[in-house]
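[1] generate coordinates for the sequence data below:
(chains A and B)
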Protein chains: 2
Amino acid sequence: MSSPVTQQPSPQLFFQTINAYQRTEGLKAAIELGVFTAIGEGKGTAAEIAQRTGASERGIRILCDFLCIMGFLNKDGGGYSQTADTAMFLDTRSPAYLGGAIDFLLSPMLREPFSSFAEAVRKGGTTTPNGSTVAPENPIWVQFARSMAPMMALPAQLLAKLVDPAADHKLKILDIAAGHGLYGIAFAKQNPQASVVGLDWPNVLAVAQENAQKAGVSERYSTIPGSAFDVDYGSGYDLILLPNFLHHFDPPTNEGLLRKVHAALAEGGRAITVEFVPNEDRISPPEAAAFSVMMLGGTPGGDAYTFSELERMLANAGFTRSEIHPLPPSIQQVVISAK
Amino acid sequence: MSSPVTQQPSPQLFFQTINAYQRTEGLKAAIELGVFTAIGEGKGTAAEIAQRTGASERGIRILCDFLCIMGFLNKDGGGYSQTADTAMFLDTRSPAYLGGAIDFLLSPMLREPFSSFAEAVRKGGTTTPNGSTVAPENPIWVQFARSMAPMMALPAQLLAKLVDPAADHKLKILDIAAGHGLYGIAFAKQNPQASVVGLDWPNVLAVAQENAQKAGVSERYSTIPGSAFDVDYGSGYDLILLPNFLHHFDPPTNEGLLRKVHAALAEGGRAITVEFVPNEDRISPPEAAAFSVMMLGGTPGGDAYTFSELERMLANAGFTRSEIHPLPPSIQQVVISAK
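    Presented below is the predicted three-dimensional model:
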């Protein structure tokens, strides 16, 4: 115990944590009502924001005070204003607007397992039927591809720069569980000699193809519809991307898949894994480490894997060497593995 | 903007807050499974805790790591241990155990309004029928009286010492919406000449009477069953207690009730209000200020009132002077108002 003897025990953390769900719901309500955008447009008082959002003044006053307490707004002389982060990420007029991510992050599919989380802890995996999020052709991944894309553009760019800095060679790329497709598309945008094959469920690939079109790279973007565990990848890839894929499955399942990845790579090819990677203590950094909770609730056997765990799976699948790289400001990390 | 120009905008607070509900569910699951008690009994590894709690090792490992991230456990060399606060408040073997409070704090009645919180903000009050928690004879108050009592014993004692420090005079006390009865009972325990009348719904008064019995003061404890807005209080009280009552109602409703309180007091009598009282900015201190969110979700017109608002209601009801006192370590405050 490092705390001084005079410090009294306090139940504050207990109360804060028990009421933490109200933070989620308060932020969700503010996004749904367009409170941040209304304030960005210059509506500063509770009465003005209420009028603009079609809500009651009392409700807006209490909600906006709560948003101040949580750090999403500032308050000064009765008027509310945006913080820098709020203006960037929660005002719909900002190109970096992320509010739409709640359609995925707070979807019933992702939240439902938490309504009886003790059961998931007892069982050691998701309590929802068919393995929840990893069920075949789950429409949640279309929602994912649409609503999470805005926050993937930057890490995808950073990844392409890290892995293909010169961008002056022909590259054949397979993007496994491409989703929105932005990781593969970032390589294609940066390197005119890069061609990308996106692999995902057919309904999800439609979103990736839309994004390839928007990015002007659709001529170098092709697709393989189906499950990454079942379909034929083809061969001779320089890069195979695994962005946010391995965390859904247990290590033996991942090793089987990684052997297939290894076989599909050309000599000198590399597997590129993007993941939440906790330190070996599994409790830091907090955001990456806490991702395991989402995997306990939402998958039969997924996890937030440490680097040594990822390295072992990759080595067991035949990769000779794996290196980990941060991807700031993203809290995710990249593991680059040589065939 | 006080942040340096080099600081990049970050979506971290957005993600943390959107996922905050997982904190609530993780802590709830740990209490339900008896994880804290198992660790207090010396079960340190995930395998040991899993065996003791009848849960899976994988589930326990992920849950306990999350509890470390949230600050409820420490981790050292693969083993988990309690923090001082956890040992005091979350181990069922501790006399100060508070875990049972989730039966009230996370009851469907209290949580339901948050499942569509934007609607409550639009409307400016609870969206559940019959005014939710303030509906007549709502059984939630029996649950409140039973599950919240452990955390009220200390503030009740502190209140009795503050208001009746000499404890050497005859005192006639009315405890409005007595609930568990502990506030009135604390006065009776401290002062052998104090007699208490508890007022609440009949089903709730049964709990208060049990507690009076346990405290050995049942001979000086009587009851008035019914609504504080309807029943006859009697008269000549030295003290009328209003613990956590006014926050459920709007100011005009409270003023009507306070006039009735004023009339029932003897000359020189005092009304004793216990409340979450935010500062005049309404956003500090955070815990007291955020209580307004619970009132928006759960009541038609309740609030966390500032001292000036409480003072105004009390003055309009005829009280000549009100003083506010902190009640550390409780985050609540006491307003003492002279007739």
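[2] isn't residue A:287 up against residue B:13?
    No: using Cβ atoms under 8 Å, residue A:287 is not in contact with residue B:13, being 11.0 Å away. No exception for glycine: its C-beta is placed from N, CA and C like everyone else's.
[3] who touches the lowest-mean-pLDDT helix or strand in chain A?
    Using mean pLDDT, DSSP states H and E, the weakest-scoring helix or strand in chain A turns out to be helix A:140-147, at a mean of 82. Contacts to helix A:140-147, defined as Cβ atoms under 8 Å, 6 or more residues apart in numbering or on different chains, come from residues A:100-105, A:107, A:109-110, A:133, A:179-181, A:200-201, A:203-204, A:206-208.
[4] can you give me the helices for the stretch 151-300 of chain A?
    A:182-190, A:202-214, A:251-264, A:286-298 (DSSP state H, counting those that start in this stretch).
[5] the stretch 1-150 of chain A now?
    A:12-18, A:20-33, A:35-40, A:46-53, A:57-70, A:84-89, A:102-105, A:108-111, A:117-123, A:140-147, A:149-163.
[6] quick one: the second one to helix A:46-53, angle?
    Read it as helix A:20-33. Counting by axes from the mean of the first three to the mean of the last three Cα atoms, to 10 degrees, helix A:20-33 lies at 60 degrees to helix A:46-53.
[7] so what does helix A:20-33 touch, helix or strand wise?
    helix A:57-70, helix B:12-18, helix B:20-33, helix B:117-123, helix B:286-298 (3 or more Cβ pairs under 8 Å, 6 or more residues apart in numbering or on different chains; DSSP states H and E).
[8] any idea how far it is from the chain center?
    19 Å (Cα atoms, centre = their mean, to the nearest Å).
[9] tilt between that helix and helix B:57-70?
    80 degrees.
[10] ok, the fifth one next?
    Regarding helix A:57-70 and helix B:57-70, their directions subtend 90 degrees when assessed with the same axes, to 10 degrees.
[11] for helix A:57-70, buried residues please.
    A:58-70 (16 or more other Cβ atoms under 10 Å in any protein chain shown).
[12] pLDDT and distance to chain B added to these, as CSV?
    Converted to CSV, the buried residues of helix A:57-70 look like this (pLDDT from 0 to 100; distance: Cβ to the nearest Cβ, whole Å):
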residue, pLDDT, distance to chain B
A:58, 96, 4
A:59, 97, 4
A:60, 98, 6
A:61, 97, 8
A:62, 97, 5
A:63, 98, 5
A:64, 98, 9
A:65, 97, 5
A:66, 98, 5
A:67, 98, 9
A:68, 98, 4
A:69, 98, 5
A:70, 98, 6
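[13] of those residues, closest to residue B:39?
    The nearest member of those to residue B:39, counting by Cβ to Cβ, is residue A:70 at 30.6 Å.
[14] quick one: mean pLDDT over the longest strand seen in chain A.
    Selection of the longest strand in chain A by residue count, based on DSSP state E, yields strand A:265-275. For strand A:265-275, the mean pLDDT works out to 97.
[15] so what strands line up beside that strand?
    strand A:237-243 (parallel), strand A:333-338 (antiparallel) (DSSP bridges).
[16] can you put these in JSON lines and add mean pLDDT and mean neighbour count?
    As requested, those are arranged in JSON lines below (pLDDT from 0 to 100; neighbours: other Cβ atoms under 10 Å in any protein chain shown):
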{"stretch": "strand A:237-243", "mean pLDDT": "98", "mean neighbour count": "24"}
{"stretch": "strand A:333-338", "mean pLDDT": "98", "mean neighbour count": "21"}
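[17] point out where chain A drops to low pLDDT.
    A:1-7, A:78, A:130-137 (pLDDT under 70).
[18] select, out of the helices of the stretch 151-300 of chain A, the one closest to chain B.
    helix A:286-298 (4.5 Å; Cβ to the nearest Cβ).
[19] so which bits of that closest one are buried?
    For helix A:286-298, by 16+ other Cβ under 10 Å, it's A:287, A:288, A:289, A:290, A:291, A:292, A:293, A:294, A:295, A:296, A:297, A:298.
[20] now the residues you listed in JSON lines, with distance to chain B?
    Output for these, formatted as JSON lines (distance: Cβ to the nearest Cβ, whole Å):
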{"residue": "A:287", "distance to chain B": "7"}
{"residue": "A:288", "distance to chain B": "10"}
{"residue": "A:289", "distance to chain B": "6"}
{"residue": "A:290", "distance to chain B": "5"}
{"residue": "A:291", "distance to chain B": "9"}
{"residue": "A:292", "distance to chain B": "5"}
{"residue": "A:293", "distance to chain B": "5"}
{"residue": "A:294", "distance to chain B": "7"}
{"residue": "A:295", "distance to chain B": "8"}
{"residue": "A:296", "distance to chain B": "5"}
{"residue": "A:297", "distance to chain B": "8"}
{"residue": "A:298", "distance to chain B": "11"}
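[21] burial count for residue A:48?
    If you count neighbours by other Cβ atoms under 10 Å in any protein chain shown, residue A:48 ends up with 18.
[22] do residue A:9 as well
    For residue A:9, the count of nearby residues is 16 (other Cβ under 10 Å).
[23] ok, and the closest non-adjacent residue to it?
    residue B:88 (4.1 Å; Cβ to Cβ, 6 or more residues apart in numbering or on different chains).
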